[in-house]
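In: Next one to model:
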Amino acid sequence: MPSFSQIALLATAAFAALAAAAPLGIPSLPVADLVSLPTILTKLSAELAPVTALLSSIDASNATVAVVAPLTTKLNTILSGAVADASALAGAPVAQVLATADGVLSVADAAALLAPVLTTVYGALNSVLAAAGSSPAAAAVMPLVNEAMTTAVTPLLQATAPLVNGLFAAAAPLLAPAVGTLGALGLGPVVGLVNSIL
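Out: Now for the predicted structure:
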């Protein structure tokens, strides 16, 4: 039987997913100032790597709020910047959305940039939860992980999904392990969002 804290966490995740569905209200940038999706995702991967590595290295001895909170805050900050950049691309031509220095990236290649970002973040957060386990720290750490999922990762999905038709369909085979991880984390609303986009 789920504990009160687990039920509260699931309710929080559900409401956060619904709240994140609201328009982001990010002002439009001039076309010349837009950053392409491949550039956003490449930068995002590089910025997330040290943070997700630290999250993945957490074990039972240091799975505490004092250790986890600064890392999830950093994760949220990084992802929020990417959401703002991706949201600014709304309505831009696909050739501009997928532009690189060498031309225009294919949808499959863009999906190959997006999927590792999501699977790395989900895997790192799952590692934190596994490390916290059923210890007393789990009750304090779980809301931090939930916040990282619902206030940062969900908006990233919502911002990137409408930019390019077929982006998430191309990413689906690469995201399958992440969807399983989300289910294991008890984040049904996020799984529902991913499945609805795919």
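In: With adjacent residues omitted, what lies nearest to the most centrally placed residue in the chain?
Out: Centroid check for the chain by Cα atoms, centre = their mean gives Val153 as the closest residue, at 2.4 Å. Leaving aside its chain neighbours, Val153 sits nearest to Val121 (6.0 Å; criterion: Cβ to Cβ, 6 or more residues apart in numbering). Glycine gets a C-beta too; all of them are placed from N, C-alpha and C.
In: Let me see the contact set for that neighbour.
Out: 48, 52, 75, 79, 148, 153 (Cβ atoms under 8 Å, 6 or more residues apart in numbering).
In: same check, this time on Ala82
Out: By Cβ under 8 Å, 6+ apart, the neighbours of Ala82 are 40-41, 43-44, 156.
In: can those go into TSV with extra columns for neighbour count?
Out: Shown next, in TSV, are those (neighbours: other Cβ atoms under 10 Å):
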residue	neighbour count
Ile40	27
Leu41	24
Lys43	15
Leu44	24
Leu156	23
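In: for the protein, what spans make up the strands?
Out: Assigned by DSSP state E, the chain shows strands spanning 99-100, 103-104.
In: Please identify the most buried of these.
Out: Ranked by mean neighbour count, those are led by strand 99-100 with a mean of 16 (mean count of other Cβ atoms under 10 Å).
In: quick revisit: roughly how far does the residue nearest to Val153 sit from Ala101?
Out: Computed as Cβ to Cβ, to the nearest Å, the Val121 to Ala101 distance reads 26 Å.
In: Ala90: how many residues sit nearby?
Out: A total of 14 residues lie near Ala90 under the criterion other Cβ atoms under 10 Å.
In: I'd guessed it sits against Ala161; true?
Out: No. Applying Cβ atoms under 8 Å, one finds Ala90 not in contact with Ala161, separated by 10.8 Å.
In: Between those two, which contacts overlap?
Out: Common neighbours of Ala90 and Ala161 (Cβ under 8 Å, 6+ apart) do not exist.
In: before we move on, the earlier item: let's have the strands of the chain in a markdown table, adding distance to Ala169 and mean pLDDT.
Out: Below are the strands of the chain laid out as a markdown table (distance: least, Cβ to Cβ, whole Å; pLDDT from 0 to 100):
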| stretch | distance to Ala169 | mean pLDDT |
| --- | --- | --- |
| strand 99-100 | 21 | 94 |
| strand 103-104 | 18 | 93 |
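In: pLDDT value on Val191, please?
Out: You'll see Val191 listed with a pLDDT of 53.
In: Report how many residues lie close to Asn146.
Out: 23.
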